[in-house]
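A.B. asks: turn this into a model:
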Amino acid sequence: MLERPFLKSCLLLLALLAMPGLAPAAGKCERLVATGHPDYPPFVWRDPQNPKQLIGAQADLLARLGKELGVRIEVLYSSTWDKALDEVRSGRIDLLAGARLTLAELETMDYVHPAVFSRADVVWVRNIASFPYIEWADLRERRGASVGRRFGPAFDDYAKAHLSLEQGGNLTQLLQKLMLGEVDYVVHEREPAQALALTLGLQDDLLSLSPPIRSEGLHLALSHNSACNDPWLRGQLAKKMTELAAAGAPEALLQRNLQRWKAQQLQPASATNP
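C.D. replies: Just a heads-up that it's a prediction; the model follows:
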């Protein structure tokens with residue numbers, strides 16, 4: 001016969017396990033849905049073989065997270081970045097990959113820390129050029145170009161006052177002008193420019209300089225309105241992201257997906273658009 005103190009202990013343990021947040025179950029959900037930018041290689045882009053899904057470094061990272069957590073994570077295509085944001089804000093989609101931390105979105109999403117990917121706006125030059133660069137002032141006697149996007153109030157104000165920074169065109173045109181010597185540098189985001197350089201066969205002809213003009217984290221964010229958003233999931237995502245970052249997984253995934261993007265661009269149109 002069970003001793004009374006032992007029986008009480010068993011009943012107490014069962015009661016604790018029944019309480020929300022203490023049960024050793026993998027959260028409420030066995031499936032999570034994520035989305036991201038529809039055209040942002042090598043981080044994420046639309047799968048030409050399965051247009052309803054996204055592929056890329058962020059999608060591969062989510063697949064690894066899901067495998068380690070025992071949760072199936074699908075990364076679905078949203079037609080635009082604004083649509084992706086709306087889907088996650090509403091809770092129709094659980095996770096947003098590649099979210100910039102903003103005060104406004106803190107009201108609708110829980111950001112997972114650390115941000116294992118980051119985006120950096122950098123100065124691109126020809127690899128053969130002698131181009132000493134430590135600070136923005138080193139650009140003052142040079143001819144620059146950008147596609148017209150903003151790089152933060154501090155740099156935008158400095159460029160307007162002190163730099164010769166042509167704006168307009170697309171990145172392919174600007175890199176061609178750089179190679180022809182018509183401009184001395186191009187300001188653009190690092191990884192997307194790397195992806196295009198690979199496609200154009202210019203990866204050995206271009207060099208990105210440090211420090212970046214601007215750098216910010218790209219977070220994984222969980223919708224406040226997701227039925228799967230609970231303390232267990234938030235904690236496990238943060239734990240696994242920290243472990244993967246320490247193991248160097250994000251950089252390896254970026255490099256692999258740069259090559260994956262290049263291979264796709266070299267395929268005939270009939271092969272990538274069945």
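
A.B. asks: from here on, contacts and neighbour counts on C-alpha atoms
C.D. replies: OK.

A.B. asks: do a quick rundown of the strands in the stretch 151-274 of the chain.
C.D. replies: Using DSSP state E, counting those that start in this stretch, the strands of the stretch 151-274 of the chain run over residues 164-167, 185-189, 206-223.

A.B. asks: packing partners of the first one?
C.D. replies: Secondary structure elements in contact with strand 164-167, counted by 3 or more Cα pairs under 8 Å, 6 or more residues apart in numbering; DSSP states H and E, are strand 143-146.

A.B. asks: now the strand it packs on: average pLDDT?
C.D. replies: Taken as a whole, strand 143-146 has an average pLDDT of 97.

A.B. asks: tell me what it is packed against?
C.D. replies: strand 164-167, helix 171-179, strand 185-189.

A.B. asks: hang on, the earlier thing: dump the strands of the stretch 151-274 of the chain to CSV, plus distance to residue 243.
C.D. replies: Shown next, in CSV, are the strands of the stretch 151-274 of the chain (distance: least, Cα to Cα, whole Å):
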stretch, distance to residue 243
strand 164-167, 41
strand 185-189, 26
strand 206-223, 15
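
A.B. asks: indicate which one of the ones you listed is closest to residue 119.
C.D. replies: For these, the distance to residue 119 is smallest for strand 206-223, at 5.6 Å, taking Cα to Cα.

A.B. asks: partners of that closest one in the sheet?
C.D. replies: strand 95-99 (antiparallel), strand 109-126 (antiparallel) (DSSP bridges).

A.B. asks: contacting residues for the most centrally placed residue in the chain?
C.D. replies: For the chain, the residue nearest the mean C-alpha position is residue 98 (3.5 Å; Cα atoms, centre = their mean). Residue 98 makes contact with 36-37, 58, 117, 218-220, according to Cα atoms under 8 Å, 6 or more residues apart in numbering.

A.B. asks: again, 6 Å this time
C.D. replies: The contact partners of residue 98, taken as Cα atoms under 6 Å, 6 or more residues apart in numbering, are 218-219.

A.B. asks: CA atoms of the helix or strand in which residue 63 is found as PDB?
C.D. replies: Following DSSP states H and E, one finds residue 63 within helix 57-69. The C-alpha atoms that make up helix 57-69 are tabulated as PDB, following Å, rounded to 0.1, in the frame of the first residue of the first chain:
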ATOM      1  CA  ALA A  57      19.200  30.900 -45.800                       C
ATOM      2  CA  GLN A  58      16.400  32.000 -43.500                       C
ATOM      3  CA  ALA A  59      14.200  29.100 -44.700                       C
ATOM      4  CA  ASP A  60      16.900  26.600 -44.200                       C
ATOM      5  CA  LEU A  61      17.500  27.900 -40.700                       C
ATOM      6  CA  LEU A  62      13.800  27.600 -39.900                       C
ATOM      7  CA  ALA A  63      13.900  24.000 -41.200                       C
ATOM      8  CA  ARG A  64      16.700  23.200 -38.700                       C
ATOM      9  CA  LEU A  65      14.900  24.900 -35.900                       C
ATOM     10  CA  GLY A  66      11.800  22.900 -36.600                       C
ATOM     11  CA  LYS A  67      13.700  19.600 -36.700                       C
ATOM     12  CA  GLU A  68      15.300  20.300 -33.400                       C
ATOM     13  CA  LEU A  69      12.100  21.400 -31.800                       C
END
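
A.B. asks: that concludes my questions; thank you for your assistance.
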